[in-house]
Every structure is written in C-alpha cells, then in structure tokens.
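Engineer: sequence and predicted structure are below.
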Amino acid sequence: MRAPTATLVVEDGLSGVRLADYLERAWPGADRKALRRLVRDGQATVNGVAATPGQKLRAGDVVLVDADGTPDVSRRRVSETAFGVADLPVLAETDFALVVDKPAGLPCVPDRAGRTQGVHGLLAALRPDDDLRIAHRLDRFTSGCLVLAKGLHGARWIDEQLRARTVRKEYHALVEGVMNDDRVTVTRWLGPDPRRPGKVIVVKPDAKGAREAITGLEVVERFKAHTLVRCLPLTGRGHQIRVHLRAVGHPIAGDVDYGASGPVLLSSLKRGFKARKGLTEKPLLAHFFLHAASVEMPAPDGGAPLRAEAPLPKALATVLAKLRHFSG
C-alpha cells in the first residue's frame, strides 16, 4: 500500500511514541524501512518542522505526511513472486535425484486457487533438460531438504525406498514446554480432520482413512520454556511431526494450527521486557519452527547413496540465539 498524503494529530494516549512507530501504527501494512526513508527524505514533518524517525511525539502534535510520488511502501508478502530458482540451491545430486534447500513460505505444489505454482513451477528453470519430479512434500512453512526425482525411474525408486522405510530424514523442531524424556518414540494413527479440511488428527486404528505414523524424538537442547527436538520420522504422513508433537503435549512453537499458544515473542523470553509505546510487538518468527535438516537414502544398483544437509535458516538461528541468551 502507498502511504497517502495525510494530516494526523497525536492522541493523548500516544504521547512519547517515536515518529517511525507512530507512522507504522497508522499504516500497519507498510514496510518499516520504507517509512523511515520517507521521514529522512523530508516527506514527514511534525508541527511543520522536519523530523527524524526516532523523534518522540507529544499529544496534540500535528504530523503531516506528504507521500505523493513516493515509492510504494508495501510490506513484501510471502508469495510465489518472492521466490525464484536462486531460492532453491542444490544441496546434493546423484544420477536418480537431487536435493534442494526449500525456503519457508514456498509451497511444494500449486495451490487450489492457482495463485502460486510453488516449487513445481520452478522445476523447468532449475533443470531445463531434466524431468524433475517432487518425490515427497514439505509443508509450506517447513524449510530444508526437499528431494526431487529425475524422471519416472528416479520417482519409482524413491517411492519404493519410502515404502520400505530405508529413507532417513531428520527434522529440527522448537517446541513449547520442556520435554522430560531425552528420547521417545511416538506411534499414533492419523486421519483427516472432518472439521478442518486439509488438517490431520490422531484417530483410532480402525477409523476411516487411518494410517499408522511413527516418529522418534530426541532432545537436543532445553530452555526455560522451550525444547529443541530432533525428529526422526519412520513414516511420511502429512503433518505427521506437527500432530505427533502436539499429541505428546509439546506443539511446535508458532504452530497455532496444531496447538501452539501463539508465536514466539521476545516479551515471553526477556525478563522486564517493555514494548515501545504505540508499537505492537512483532513475533521473533513469522511462522512455525520446523526444519528438514538432512536426508539420506540408498541408490539403485548399489550406487552412491544420496545424502544432504540443509543449514538452519537465519530466521530460525536468530530465535535460538535469543533463547540461549535469555535462558542463561
């Protein structure tokens, strides 16, 4: 959205708020950096005088924003337009498959509305001469190792290995609460949630659509109110890890669809945290914390196995750094 030309009067309850925070409050869909540039370029004044982004306002101050002709200050939305082939770096490659590092926010397949083509829409550009196929799926906001088969032969081989449970996949999840057991194996039958299309719930083995799901869990690091967990799924059901962690009472941080209390906030970690006046606190992470850290599987005819590791994205690493700092 474009910040319009406007005259704003600071309310009594917002005395002391910084100008940049005040403008962000007025236009919550705008990018903060763009609003700061607008102020530095002299297109926002306070009581007719040029101001700075950090200037504190008083009740009754008149803020004039003259944004005619300024660049669009929309906050960039996570969509298909935000991703390209460069966002799918190849981590490993063999004769039958390759592994890419999928970013959080990019779905694997086109959505039903046709608004995004996801990873599927990037395959031709990634390998113009190869018949790449998505061999398994990651949730839209799960980052990390995604296996792409080369042709029908590669797809059939990977499917056989998944069914035979010879594929070793490792995920890292930050969960709510402190897990007591260092290791636990979760076995639950999963089925579609009749109340929420596309979601999954724990069901009885004889329920319609029930499928057995098994996940090994290992504690990596404990914090005051969170635990970093290594997840080793033996089966590959949709939303399996997310549902299993909820089932044991430790939903993934930020995963409100599956039991999380809400996003990870600095105010919940830092003692004595005080939000800046007039500014709503932003989550440390805009999505849930689940990362496909590695994958390994055998190759046809005894060839070199496929192995790949995906580094932890900066956004997830930042959350862990905050947890370590304030849990010390």
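Structural biologist: In hand now; what should we look at?
Engineer: just the strands in the stretch 101-250 of the chain please.
Structural biologist: Using DSSP state E, counting those that start in this stretch, the strands of the stretch 101-250 of the chain run over 132-134, 143-150, 168-176, 183-192, 200-203, 211-222, 226-233.
Engineer: list the buried residues in stretch 304-323.
Structural biologist: The neighbour-count check on stretch 304-323 (16 or more other Cβ atoms under 10 Å) flags L306, A308, E309, A310, L312, P313, L316, V319, L320, K322, L323 as buried. The C-beta positions use only the backbone N, C-alpha and C, and glycine is treated the same way.
Engineer: so which of the strands of the stretch 101-250 of the chain is nearest T94?
Structural biologist: strand 143-150 (8.4 Å; Cβ to Cβ).
Engineer: what strands line up against that closest one, and which way round?
Structural biologist: strand 97-102 (antiparallel), strand 132-134 (antiparallel), strand 290-297 (parallel) (DSSP bridges).
Engineer: ranking these by burial, who's on top?
Structural biologist: Of all the strands paired with strand 143-150, strand 97-102 carries the top mean neighbour count, a mean of 24, counting by mean count of other Cβ atoms under 10 Å.
Engineer: sketch out the low-pLDDT regions of the chain for me.
Structural biologist: Scanning the chain for pLDDT under 70 picks out 1-5, 28-29, 67-82, 112-115, 277-279, 328.
Engineer: do you have the helices of it handy? List them.
Structural biologist: Taking DSSP state H, the helices of the chain run over residues 19-26, 32-40, 123-126, 151-164, 240-247, 314-326.
Engineer: any idea how the chain splits into domains?
Structural biologist: 6-65, 80-326 (automatic domain parsing).
Engineer: contacting residues around H226?
Structural biologist: Taking Cβ atoms under 8 Å, 6 or more residues apart in numbering, we find H226 in contact with L174, V175, E176, G177, V178, A253, V264, L323.
Engineer: quick one: which two of these are the most distant?
Structural biologist: The distance between the two most remote of the contacts of H226 (Cβ to Cβ) is 15.0 Å, for V178 and V264.
Engineer: quick one, which of the two is more surrounded?
Structural biologist: Each of V178 and V264 has its neighbours counted (other Cβ atoms under 10 Å); V264 has more, 23 against 13.
Engineer: show me the beta-bridge partners of the residue nearest to V203 when sequence neighbours are not counted.
Structural biologist: Leaving aside its sequence neighbours, V203 sits nearest to G191 (Cβ to Cβ, 6 or more residues apart in numbering; 3.8 Å). For G191, the beta-bridge partners are I201 (DSSP bridges).
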